[in-house]
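[1] how does the following fold in three dimensions:
(chains A and B)
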Amino acid sequence: GEDVEQSLFLSVREGDSSVINCTYTDSSSTYLYWYKQEPGAGLQLLTYIFSNMDMKQDQRLTVLLNKKDKHLSLRIADTQTGDSAIYFCAERDMRFGAGTRLTVKP
Amino acid sequence: DTGVSQNPRHKITKRGQNVTFRCDPISEHNRLYWYRQTLGQGPEFLTYFQNEAQLEKSRLLSDRFSAERPKGSFSTLEIQRTEQGDSAMYLCASTQPRGDNTGELFFGEGSRLTVL
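    Predicted coordinates:
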């Protein structure tokens, strides 16, 4: 999606933290979303953040939102091999970024 | 199964033929989206419906593509005179936007189109 940009690849070692970044353009987005797509599977909502929040933590996941810079990030702590997937950022109108392929090496 | 259902799961067709995909959303969801996804790309928005009304259609969508949701339940996406560039996964998603929920999209597993 031209309105949502992400870096395409990220490779980390098991146990490290992963940080996936996204920039968006629609400043009116009420919610911003992270979806996960595992190989051969459909997209599933991973987490989301309401636009009046700066941070949201959900177990190993931390979402940071910088509204001024229209920057969203997803941090995965203690990354596991099962976290290997493509992660998509999406904004209010359900426009998606191209996805970041996370590869976790043992 | 109460999830979003799409069929057929895979369609192989020759260039120039017409194809139709069907999506059955989650029953209480009034909003339905169609996306196209090619390898290495994110879902590209095609169109969406609120009940039976088609509220938005991507500027990138050629007039060979048409979508309907006649009774506000299932939807069909038809591609006429298919071209090789139409080969992709066609994704359907539904949601029930309300003031008290996040508008999470629930995706089907997709219909893969291969145009020879």
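
[2] interface residues of chain A facing chain B?
    Within chain A, the positions near chain B by Cβ under 8 Å from any Cβ of the partner chain are A:1, A:4, A:6, A:8, A:30-31, A:33, A:35, A:41-45, A:48, A:88, A:90, A:92-99. For the C-beta atoms, the positions are set from N, CA and C on the backbone; glycine is no exception.

[3] now with 10 Å?
    Contact residues, chain A versus chain B (Cβ under 10 Å from any Cβ of the partner chain): A:1-4, A:6, A:8, A:30-31, A:33, A:35, A:37, A:40-45, A:47-50, A:86, A:88-90, A:92-101.

[4] please convert the buried members of those into ChimeraX selection syntax.
    Buried residues among the residues of chain A next to chain B (16 or more other Cβ atoms under 10 Å in any protein chain shown), as a ChimeraX selection:
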select /A:1,4,6,31,33,35,37,42,43,45,47,48,49,86,88,89,90,92,94,95,96,97,98,99,100,101
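
[5] among the residues of chain A next to chain B, which lie within strands?
    Secondary structure from DSSP state E places A:4, A:6, A:31, A:33, A:35, A:37, A:43-45, A:47-50, A:86, A:88-90, A:100-101 of the residues of chain A next to chain B in strands.

[6] what's the distance between B:Arg69 and B:Thr13?
    23 Å (Cβ to Cβ, to the nearest Å).

[7] list the beta-bridge partners for the most centrally placed residue in chain B.
    The centre of chain B sits closest to B:Trp34, judged by Cα atoms, centre = their mean, with a distance of 3.0 Å. B:Trp34 forms beta bridges with B:Thr47, B:Cys92, as assigned by DSSP bridges.

[8] quick one: residues contacting it.
    B:21, B:23, B:43-49, B:54, B:57-58, B:61, B:65, B:67, B:69, B:75-77, B:90-93 (Cβ atoms under 10 Å, 6 or more residues apart in numbering or on different chains).

[9] so B:Arg69 and B:Thr13 - more neighbours on which side?
    Legend: neighbour count by other Cβ atoms under 10 Å in any protein chain shown for B:Arg69 and B:Thr13, higher for B:Arg69 (22 against 16).

[10] you'd agree the more buried one is up against B:His29?
    No. B:Arg69 is beyond contact range of B:His29, at 11.4 Å (criterion: Cβ atoms under 10 Å).

[11] could you point out which residue ranges in the chain have low pLDDT?
    Chain wasn't specified; assuming chain A. Within chain A, the stretches with pLDDT under 70 are A:1-2.

[12] oops, wrong one, chain B.
    Residue ranges of chain B with pLDDT under 70: B:1-2, B:98-101.
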